[in-house]
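A.B. asks: the following block contains a protein sequence and its predicted model.
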Amino acid sequence: MWDELEGEDLADESLDLFAIAGVEDEVLAVGDGSALARWDGTQWRTLIERSYSQPNLLATAIVGDRIWAVGARGAIVRAE
């Protein structure tokens, strides 16, 4: 059974998310216009706001304490 989880920062239903990755309660989702969101164990929060001038992020990974995401037009994003 699937549960739909919402977050105050992800209320925009037009936001397309393309990939998700996680370890335990640290879960990330990436999508349109370099959008990057994090599940903090209770709700989703936006780490990078969507910007239509930025490339879509298509994949994400957590490596140690760093967050990596890659996307269209050679985009690479790293956060800690």
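C.D. replies: In hand now; what should we look at? Treat the numbers as computed from the prediction; the structure is a model and nothing was measured. Numbering: from 1, shown residues only.
A.B. asks: show me the shaky parts of this protein.
C.D. replies: Along the chain, the parts satisfying pLDDT under 70 run over 1-14.
A.B. asks: strands of that one, residue ranges please.
C.D. replies: Taking DSSP state E, the strands of the chain run over residues 17-23, 26-31, 36-39, 44-48, 57-63, 66-71, 76-79.
A.B. asks: any chance of these in a markdown table, with mean neighbour count too?
C.D. replies: No exception for glycine: its C-beta is placed from N, CA and C like everyone else's. A markdown table is the format used below for the strands of the chain (neighbours: other C-beta atoms under 10 Å):
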| stretch | mean neighbour count |
| --- | --- |
| strand 17-23 | 15 |
| strand 26-31 | 21 |
| strand 36-39 | 21 |
| strand 44-48 | 17 |
| strand 57-63 | 17 |
| strand 66-71 | 18 |
| strand 76-79 | 12 |
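A.B. asks: which residue packs closest to residue 17, ignoring adjacent ones?
C.D. replies: With sequence-adjacent residues excluded and distances taken as C-beta to C-beta, 6 or more residues apart in numbering, residue 17 is closest to residue 31, at 3.9 Å.
A.B. asks: my guess is that neighbour meets residue 59, correct?
C.D. replies: No - counting by C-beta atoms under 8 Å, residue 31 stays clear of residue 59, with 10.9 Å between them.
A.B. asks: which neighbours do those two share?
C.D. replies: Counting by C-beta atoms under 8 Å, 6 or more residues apart in numbering, the common neighbours of residue 31 and residue 59 are 18, 19.
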